[in-house]
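Student: Below: sequence and its predicted model.
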Amino acid sequence: MKVVTPKEMAVMDRHAVAAGTPSIELMERAGHACAEVIKVDLDEKAQIIILCGPGNNGGDGLVIGRSLIEDGYTVHLFLTADREKLSEDSQISLKRLEDKNIPIRTLQDDADLEDLSLIMKRATHVVDAIFGTGLVDKEIPASYNRIFDLVNDFDREKIAIDIPSGLRGDIGLTIGNGIFADKTIVIQNYKTGCLLNDGPDYTGDTILIDIGIDENSIPNEKYYTQESDLKFPQKRKKNTHKYDYGSVVVIAGSKGMSGAGILSIEGALKSGGGLVTCYVPQDIYIPVVARAPAEALIKTYDCNITSDDIKHDRKKVILIGPGIGRAKNYSFILEHLLEGSLPVVIDADGIHHLAVVVDSLKESKTPVVITPHFAEFSKLIDVPREDILKDPIGYGQKFAMEYQVVVVLKGYRTMIFGTNGEIWFNSTGNPGMATGGSGDVLAGMIAGIAGQNVNLFEAARAGVFYHGKAGDYYAEHFGQSTLTAHSIIESLKYVLK
Ligand SMILES: NC(=O)C1=CN([C@@H]2O[C@H](COP(=O)(O)OP(=O)(O)OC[C@H]3O[C@@H](n4cnc5c(N)ncnc54)[C@H](O)[C@@H]3O)[C@@H](O)[C@H]2O)[C@H](O)CC1
Ligand SMILES: [K+]
């Protein structure tokens, strides 16, 4: 399923119209489909306020109002702009309401706002159809901000249509303030702004509705990962042995951070890796051996280790970085590894050391994946974090293509950038997973999956998906507060089958 920017949605919209579906028909479909979703939670005592803005988002609100009223619900409809300012399709929708003698008020002055706030006291639901994907990046008039504040103070169900008002549909940042919805009914495709930055906090739960617009009218670029998209796990042959499912090398750990390697080993083993060898510095060898799973081999290394040194034993992939620290210089190990032929996963402090030799990525012939969070990515590409937040898709895509490296940019909805420009938004995971060691498990999982003859891009998509799904499994059963990196490892067996 594609993820689209508001501009791309508008292109899809125009194609649908050119292909023969009038835009007012799209609005009818959107409004009725939203009304069906809203009705599921309504009982006969429900009182629904619908706030309709000047554009087609407001037009959707008008159709929702008509649909709910026709079904006998109590609805209070408000326009936030003068009738003359409504879009063409909204004017038609307004006329269809008026033809049925359905009353609708316009919010013009303080007295109207006072009325709205009185009605809110007895309302059960507020529907936000003020601004959708047509919100332009310019200051929103103060009168709107007062409406947003009133809605945010409403303590019952707040439902946004398509995207919460005030939130930018492209980058998930607000212009001034915005409406915090409990639920957002997303029309046709997820907008990038629902998934980026503050988007998920404003949208609340999301429900996608289909109004029959074809997503193939825009180029293939951004997708929302569904389990059925993944090429992992693969069916295992019967005539097989452990080397068919591994052998993963993990270079991890340093004094004070001996646990990182262990978490990566477990991530690799529990995602099906057949054999894991972990290289640790001499000074943490004993604690790591004492705590590592019995299935893993633990070896020591010095700073001259090369891909050739670790190539025997049919090794398939190398993970470097979890817990290696910044005290020693790993840059030249990275250079060696990138000159070799085994795929490399670079995580955590590995990314810090990579920054010094970043150009060797361009010369490298072996597949590479890096797994930075935003701060690590900002340092690597030497662009302030705030700038990246305003265009994470652009920066991630540019780096992945220019340096020919798969980038796993970690966040609530982690993005996986392919070297061909493709971007996959992960659909699993929860804030409880923002916990120490979670990234070590993920890096181990990506390496563990890549070891099973899965290419690095696919391994990254699958690793991120199942890592999130395991975290979601734990959170569903036990909540987010007690979720640790080990909870993810322990939950993997329930979600990765
Ligand atoms: N294909 C679809 O997904 C369909 C979507 N529909 C709905 O239409 C909206 C998008 O409608 P559009 O008219 O393009 O934009 P909006 O309603 O979001 O807003 C435009 C409206 O708002 C004014 N405005 C814009 N920015 C600002 C600002 N910063 N301050 C003040 N005012 C602003 C602008 O002047 C316009 O008046 C989409 O989200 C769906 O809900 C269709 O109904 C069906 C097809
Ligand atoms: K809205």
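Tutor: In hand now; what should we look at? Ligands and ions are numbered 1, 2, ... in the order given.
Student: What does the pLDDT read for Asp302?
Tutor: pLDDT for Asp302: 79.
Student: What is the neighbour count of it?
Tutor: By other C-beta atoms under 10 Å, 10 other residues sit near Asp302. Quick note: C-beta positions are derived from backbone N, CA and C, even for glycine.
Student: again with the one 4 residues further on
Tutor: As a burial measure, Thr306 scores 14 neighbours (other C-beta under 10 Å).
Student: Doesn't it lie inside a strand?
Tutor: No. If the criterion is DSSP: H, G, I helix; E, B strand; the rest coil, then Thr306 is coil and not within a strand.
Student: Need the residue in this structure that's farthest from the chain's center.
Tutor: Within the chain, the residue lying farthest from the chain centre (C-alpha atoms, centre = their mean) is Asn101, at 43.7 Å.
Student: Now do the contacts for the spatially most central residue of the chain.
Tutor: Geometric centre of the chain, nearest residue: Arg413, 2.0 Å, by C-alpha atoms, centre = their mean. Going by C-beta atoms under 8 Å, 6 or more residues apart in numbering, Arg413 touches 195-196, 200, 425-427, 429.
Student: Could you check the pLDDT of it?
Tutor: The model's pLDDT for Arg413 equals 97.
Student: can the contacts of Arg413 go into JSON lines with extra columns for secondary structure and pLDDT?
Tutor: Converted to JSON lines, those look like this (DSSP: H, G, I helix; E, B strand; the rest coil; pLDDT from 0 to 100):
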{"residue": "Leu195", "secondary structure": "helix", "pLDDT": "98"}
{"residue": "Leu196", "secondary structure": "coil", "pLDDT": "98"}
{"residue": "Pro200", "secondary structure": "helix", "pLDDT": "98"}
{"residue": "Phe425", "secondary structure": "strand", "pLDDT": "98"}
{"residue": "Asn426", "secondary structure": "coil", "pLDDT": "98"}
{"residue": "Ser427", "secondary structure": "coil", "pLDDT": "97"}
{"residue": "Gly429", "secondary structure": "coil", "pLDDT": "98"}
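Student: Just the buried ones from those?
Tutor: 195-196, 200, 425-427, 429 (16 or more other C-beta atoms under 10 Å).
Student: still on that earlier bit, which non-adjacent residue is nearest the residue nearest to the centre of the chain?
Tutor: Closest residue to Arg413 apart from its sequence neighbours, by C-beta to C-beta, 6 or more residues apart in numbering: Leu195 at 4.3 Å.
Student: what's the answer for Ala327, then?
Tutor: Using C-beta to C-beta, 6+ apart, the closest residue to Ala327 is Ser254 (6.8 Å).
Student: Report the secondary structure state of Val249.
Tutor: strand.
Student: OK, contacts around the residue nearest to Ala327?
Tutor: By C-beta under 8 Å, 6+ apart, the contact list for Ser254 reads 281, 284, 323-325, 327-328.
Student: cutoff 10 Å now
Tutor: 260-261, 280-281, 283-284, 322-328, 330, 349 (C-beta atoms under 10 Å, 6 or more residues apart in numbering).
Student: Keep only the residues you listed that also lie close to ligand 2.
Tutor: Among the contacts of Ser254, not one lies near ligand 2 by C-beta under 5 Å from the ion.
Student: Scan the residues you listed and report the most crowded one.
Tutor: Within these, neighbour counts (other C-beta under 10 Å) peak at Pro322, which reaches 33 neighbours.
Student: what comes up buried for the one helix or strand His477 maps to?
Tutor: His477 belongs to helix 456-478 when assigned by DSSP states H and E. Under the neighbour-count criterion of 16+ other C-beta under 10 Å, helix 456-478 has 456-475 buried.
Student: Quick one: list the elements packing against it.
Tutor: Judged by 3 or more C-beta pairs under 10 Å, 6 or more residues apart in numbering; DSSP states H and E, helix 456-478 is in contact with helix 259-270, strand 344-346, strand 368-370, strand 406-409, strand 415-417, strand 423-425, helix 438-450, helix 485-495.
Student: Now distance to Gly204 too, for those, in JSON lines please.
Tutor: Converted to JSON lines, these look like this (distance: least, C-beta to C-beta, whole Å):
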{"stretch": "helix 259-270", "distance to Gly204": "31"}
{"stretch": "strand 344-346", "distance to Gly204": "34"}
{"stretch": "strand 368-370", "distance to Gly204": "32"}
{"stretch": "strand 406-409", "distance to Gly204": "23"}
{"stretch": "strand 415-417", "distance to Gly204": "21"}
{"stretch": "strand 423-425", "distance to Gly204": "17"}
{"stretch": "helix 438-450", "distance to Gly204": "24"}
{"stretch": "helix 485-495", "distance to Gly204": "24"}
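Student: Please enumerate the strands of the stretch 51-200 of the chain.
Tutor: Ranges of strands within the stretch 51-200 of the chain are 74-79, 105-106, 125-129, 157-161, 183-187, 190-191, based on DSSP state E, counting those that start in this stretch.
Student: Of those, which stretch is the most buried?
Tutor: Across the strands of the stretch 51-200 of the chain, averaging neighbours per residue (mean count of other C-beta atoms under 10 Å) puts strand 125-129 on top, at a mean of 28.
Student: near ligand 1, anything from that strand?
Tutor: No. With C-beta under 6 Å from any ligand atom as the criterion, ligand 1 is not reached by strand 125-129; the gap is at least 7.0 Å.
Student: Work out the gap between that strand and the centre of the chain.
Tutor: 25 Å (C-alpha atoms, centre = their mean, to the nearest Å).
Student: do stretch 480-494 as well
Tutor: For stretch 480-494, the distance to the chain centre is 20 Å (C-alpha atoms, centre = their mean).
Student: closest point of the stretch 351-497 of the chain to ligand 1, which residue?
Tutor: Closest residue of the stretch 351-497 of the chain to ligand 1, C-beta to the nearest ligand atom: Lys390 (16.5 Å).
Student: Just to check, that residue is in contact with Gly193?
Tutor: No. Lys390 lies out of contact with Gly193 (C-beta atoms under 10 Å); the separation is 11.9 Å.
Student: Compare the two (neighbour count), which wins?
Tutor: For Lys390 versus Gly193, neighbours defined as other C-beta under 10 Å are more numerous around Gly193 (27 against 15).
Student: Enumerate every residue touching that one.
Tutor: Gly193 neighbours (C-beta under 10 Å, 6+ apart): 3, 5-6, 133, 135, 163-164, 167-174, 199-200, 202-203.
Student: can you rerun that using 8 Å?
Tutor: Contacts of Gly193 by C-beta under 8 Å, 6+ apart are 6, 163, 167-173, 199.
Student: Next: Gly169.
Tutor: 5-6, 9, 132-133, 135, 162-163, 191-194.
Student: wait, doesn't Glu221 sit right on Gly421?
Tutor: Yes. Under the criterion of C-beta atoms under 8 Å, Glu221 makes contact with Gly421 at 6.5 Å.
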